[in-house]
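Undergrad: need a structure here:
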Amino acid sequence: MIALVIASALLSLTARAQAELPLVVKALSQVLHSDIKGEVHYDPQTETSWGTNGVYVQRGTDVLTADRVWLNYTNGQMEADGNVRIESGGQLWVGDHARYNIYTHHMESGEFRVGRPPFFAAGEAMAGDLSDKLFTGGTVYATGDDVSDPAYRIQAEEMRIIPGKSVEMWNAVVWVKGVPVFYFPYYKRNLGRHANNLNFLPGYRSVYGPYLLSTYTWYLDDELDGKVHVDYRTSRGVGAGPDLNLHLGRWGEASLRYYYLHDLASEKGTNGLPNLGVIPENRQRFHLGYQATPDTNLNVKAVLDYQTDPLVEHDFLESDYWNNPRPYTFVEVNPYWENWSVDAETTPQVNDFFDQVDRLPDVQLTGFRQEIGTSPLYYDSQSSAGYYRRYFAATNSLNNPQYAGGRADYSAGRADTYHQILLPWTFFDWLNVAPRVGGRLTYYSDESGPGGTNATTDRTVFNTGVDTSFKASQVWPGATNRFLQVDGLRHVIEPSVDYVYVPTPSATPNQLPQFDSDLPSLLLLPVELPDYNNIDSIDSQNVIRFGLRNTLETKRDGAVDRLLDWNLMLDWRLAPNGSINAPNLGSPGPQRTFDDLYSHLAFKPRTWLTLESQVREDINAGRLNLAFHQITFTPNERWSWGLGYWYLADGFPAAGAPGANLLSSTVFYRLDDNWGLRATHYFEPQTGHLQQQYYTLYRDMRSWTCGLTFRAEDNGIGGEDYTVAFSFSLKIDPKDQVGDDSIRPYHLVGY
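TA: Below is the predicted model:
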């Protein structure tokens, strides 16, 4: 009867209080099924309720529980006593007494504890807005330690908190294990990802000596934040530099990174080889990046990347190096519409120790595939024009006596236009057939520069072909397999046959400057135009590409999951051409009747077990060119194990390229709630070299985490390189996201 009375009262009182969300009041024993039965009473004349022995009040996502509650339905004002808990907007408040308005979220209380992981506060008295702004008064403290007696805290006479944004304190004292260690007359700290903090990473590396890397992360406002790095390596010197990030709204994002080091031992490399005097003592890296979408159909990107030498990042900023070992400078503007796009790009040479093609500029107009009027025909196109300079690394120039057989720079102008018409059909409601025909006209100016040999040239290219494909599927709803976690099965098969015919162009690649040319690739390149976009390497083609994709899907945990995905490709060249498309650029050589058979397999027999395999098999010579296999076990949160194998044949993907044969293993094991261990190994079975080892011991210290890492590297050239480092991070403000140590292990040692 009480529940019926309350429910009927709430229907009218919700509108009167102008609250769209219903207000639910019930005995807490109805929620927790406790033996202690609570009571709830309602007075229709005063429109109030009161309850004892445990009361539950809920409106939307706001929930209040207490031993005793008095509630005014008209204005939402409540008084709660005894074991009071309030959840609102992700915030949790705990105390013995509170005055709380469930409509406005305003609160006044006595002793309290409030917070949202990983930030918590407690004190003697509080008044404010729980969902938006929280003001506190009296003796209060803040901590990232979610226990009644935190290991560290900042205690103040007054505190103002904006959840998820900032905390301000007046007359604040830092306490660690009950000992006061610092005093702030005024203290302000940003919370979450905008927290100001200072991090240290001490360690030892055989090529550095003892070192200390320090980073101060600061946040000014929503438009500007950054970092300041100050590092000391005893045998290499002091390195420092700022990082700046500008957030400009519709005008995009800009970043600046600068690092300088006066290298006390620049003659020593970290790659096992001496630097031969080509590395300067004053080593710098400057990076400026910009990206914006100022209008809905306009993208702008720009990068300026300057380095004093090719190894400055390799030696001191290893994570950046492996992310992009050969950065280059460019500016790109890309307006686009429904059927057309313009891409203007310039790539000036900034670092002369990398091979590069300068585009000064390169402007391309792309016509996306579009219907021609109301006809069944479709049209696409690409047209470009620019002036190009081909630079070779300074260490490879003819003027450098250290390099024999070097190549000289050359430059030329080029204008190119390509147009294609397609006629897509569907036969029998399942067979897709799309014949196509296209043509290309390219103009090259005289080559200039010491390596220029070709005169003005016009080239024409004709192409035709047909693409056929279909998709078929079969469902077995009753198929089950407990071992493979199969609950129903769907098989999808997608065969495809793509025929491409390009007669011999009016000028072959060896008669043209090579700016956009074939480069060695681990994967199969496209065969049809314009997807094949190595403009200067286009030669005769008469090829059929066969493709076959098989997919098996099942249902796991109520959602569709992919059990198997297997993709196969093979090129049959009906008339192989004998030219080398990219002379002197490491091309694999003349075409053969059959290109490599390519296979990519992903198999997930269990939700915690994944296998992946990529293979390229030279079926002409019966030789394996490439193999990559990876198996990952993640049976539970306690341990995981990843095993990998990587193989490259000698001379693949380019003549003279060294082979590779590498085994990798990464194991993580959580010993208990406080301790964990990760071990990573890279082993070369042919030479017997254990090339790299990582061992990290993790310790959870309740309010912060730490890791002790040992790294050993032996690339077979020079001596071994050892590193030991200690990293730590407060949970209230973690330095890295979960899993970063697996993706970027160099961060564990500060590189």
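Undergrad: Report the secondary structure state of R250.
TA: helix (DSSP: H, G, I helix; E, B strand; the rest coil).
Undergrad: now the closest residue to it other than its chain neighbours: how far from V331?
TA: Nearest residue to R250 in three dimensions, chain neighbours excluded: P294, at 5.6 Å (CB to CB, 6 or more residues apart in numbering). For the C-beta atoms, the positions are set from N, CA and C on the backbone; glycine is no exception. Using CB to CB, to the nearest Å, we find P294 at a distance of 15 Å from V331.
Undergrad: the more surrounded of those two?
TA: Counted by other CB atoms under 10 Å, P294 and V331 do not tie: V331 has more neighbours, with 17 against 12.
Undergrad: roughly how far apart are that one and L288?
TA: Applying CB to CB, the value for V331 to L288 is 11 Å.
Undergrad: residues shared between the contacts of those two?
TA: Residues touching both V331 and L288 (CB atoms under 8 Å, 6 or more residues apart in numbering): A302.
Undergrad: Quick check: which element contains I154?
TA: strand 152-162 (DSSP states H and E).
Undergrad: my bad, V350
TA: Going by DSSP H and E, V350 is not in any helix or strand.
Undergrad: before we move on, back to that, doesn't the residue nearest to R250 fall inside a helix?
TA: No. Counting by three-state DSSP, P294 is not found in a helix; it is strand.
Undergrad: Start the count at 38 instead of 1 going forward.
TA: New numbering, starting at 38: the last item is P331.
Undergrad: hang on, the earlier thing: okay, the strand holding I191 in CSV with CA atoms only?
TA: The C-alpha trace of strand 189-199 is given here as CSV (Å, rounded to 0.1, in the frame of the first residue of the first chain):
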residue,chain,number,x,y,z
TYR,A,189,49.9,10.5,1.1
ARG,A,190,47.5,13.5,1.1
ILE,A,191,47.4,17.2,0.7
GLN,A,192,45.6,18.8,3.7
ALA,A,193,44.2,22.3,3.6
GLU,A,194,42.0,24.7,5.5
GLU,A,195,39.8,25.3,2.4
MET,A,196,39.4,23.5,-0.9
ARG,A,197,37.4,24.1,-4.1
ILE,A,198,37.0,21.2,-6.6
ILE,A,199,35.6,21.1,-10.1
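Undergrad: now the helix or strand following that strand against strand 189-199, angle please.
TA: Counting by DSSP H and E, the next helix or strand C-terminal to strand 189-199 is strand 203-213. On the basis of axes from the mean of the first three to the mean of the last three CA atoms, to 10 degrees, strand 203-213 is oriented at 170 degrees to strand 189-199.
Undergrad: Give me the sheet partners of the strand holding I191 and which way each runs.
TA: strand 171-180 (antiparallel), strand 203-213 (antiparallel) (DSSP bridges).
Undergrad: Got the confidence number for A54?
TA: At A54, the model reports a pLDDT of 43.
Undergrad: Ends of stretch 106-115, what's the gap?
TA: End-to-end distance of stretch 106-115: 7 Å, with CA to CA, to the nearest Å as the criterion.
Undergrad: G147 is in contact with R136, isn't it?
TA: No. Using CB atoms under 8 Å, G147 makes no contact with R136, being 9.7 Å away.
Undergrad: so how many other residues sit close to F520?
TA: For F520, using other CB under 10 Å, the count is 7.
Undergrad: got the phi/psi numbers for it?
TA: phi -60, psi -40 (degrees, to the nearest 10).
Undergrad: Return the distance of it relative to A596.
TA: For F520, the distance to A596 - CB to CB - is 20 Å.
Undergrad: Show residues contacting stretch 480-495.
TA: Here stretch 480-495 makes contact (CB under 8 Å, 6+ apart) with 426-427, 435, 444-453, 478-479, 496, 543-544, 548-550.
Undergrad: Which among these count as buried?
TA: With neighbours counted by 16 or more other CB atoms under 10 Å, the contacts of stretch 480-495 contain buried members at 426-427, 444, 446-451, 453, 479, 496, 544, 549-550.
Undergrad: closest to D259 among the residues you listed?
TA: Relative to D259, the closest of the buried ones among the contacts of stretch 480-495 is R426; by CB to CB it sits at 41.8 Å.
Undergrad: Can you name the residues bridging to the closest one?
TA: Under the criterion used here (DSSP bridges), R426 is bridged to D395, S448.
Undergrad: I'd guessed it sits against L397; true?
TA: Yes. R426 is within contact range of L397, at 6.9 Å (criterion: CB under 8 Å).
Undergrad: shared neighbours of those two, anything?
TA: Counting by CB under 8 Å, 6+ apart, nothing touches both R426 and L397.
Undergrad: who touches Y297 in this structure?
TA: So Y297 contacts G276, A277, G278, N319, R320, Q321 (CB under 8 Å, 6+ apart).
Undergrad: which one among the residues you listed gets closest to S677?
TA: The closest of the contacts of Y297, once distances to S677 are taken by CB to CB, is G276, at 35.2 Å.
Undergrad: now that closest one: how far from L298?
TA: According to CB to CB, G276 and L298 sit 4 Å apart.
Undergrad: farthest-separated two in the buried ones among the contacts of stretch 480-495?
TA: R444 and D453, at 23.6 Å, using CB to CB across the buried ones among the contacts of stretch 480-495.
Undergrad: quick one: low-confidence parts of the stretch 688-788 of the chain?
TA: For the stretch 688-788 of the chain, applying pLDDT under 70 flags the ranges 739-740, 755, 767-784, 787-788.
Undergrad: hmm, back to that, quick check, pLDDT for the residue nearest to R287.
TA: 92.
Undergrad: Contact partners for it?
TA: Applying CB under 8 Å, 6+ apart, the residues contacting P331 are R287, W288, G289, V337.
Undergrad: T671 now?
TA: Contacts of T671 by CB under 8 Å, 6+ apart are W645, L646, S677.
Undergrad: Closest one of these to V131?
TA: S677 (35.9 Å).
Undergrad: neighbours of the closest one, just the number please.
TA: Neighbourhood size, S677 [other CB under 10 Å]: 18.
Undergrad: Skipping its backbone neighbours, what lies nearest N673 in space?
TA: Using CB to CB, 6+ apart, the closest residue to N673 is W645 (7.5 Å).
Undergrad: Which stretches in this structure count as helices?
TA: 39-53, 65-69, 349-353, 355-360, 777-780 (DSSP state H).
Undergrad: Leaving out sequence neighbours, find the closest residue to R675.
TA: In space, R675 is closest to R707, 5.0 Å off (CB to CB, 6+ apart).
Undergrad: measure that neighbour to R643 for me?
TA: 20 Å.
Undergrad: Those two: which is more packed in?
TA: R707 (17 against 14).
Undergrad: how near is T366 to Q328?
TA: In terms of CB to CB, T366 sits 14 Å off from Q328.
Undergrad: Looking at the two, which one has more neighbours?
TA: Of the pair T366 and Q328, T366 is the one with more neighbours under other CB under 10 Å, namely 19 against 14.
Undergrad: Provide a list of residues in contact with the more buried one.
TA: V340, L341, D342, Y343, T384, P385, Q386, V387.
Undergrad: Let me see the contact set for the nearest residue to it once chain neighbours are set aside.
TA: Nearest residue to T366, sequence neighbours excluded (CB to CB, 6+ apart): V387, at 4.5 Å. By CB under 8 Å, 6+ apart, V387 lies in contact with L341, D342, Y343, Y365, T366.
Undergrad: Kindly report the same for T403.
TA: T403 neighbours (CB under 8 Å, 6+ apart): W377, S378, V379, D380, S418, Q419.
Undergrad: and the fourth one, what does it touch?
TA: Listed by CB under 8 Å, 6+ apart, the contact partners of D380 are E369, V370, N371, V400, Q401, T403.
Undergrad: Swap in 10 Å and give it another go.
TA: 336, 369-373, 399-403, 419, 421 (CB atoms under 10 Å, 6 or more residues apart in numbering).
Undergrad: Likewise for G326?
TA: N282, E290, A291, S292, L293, R294, K338, A339, V340, L341, D342.
Undergrad: Could you give the number of residues near the last one?
TA: When neighbours are defined as other CB under 10 Å, D342 has 19 of them.
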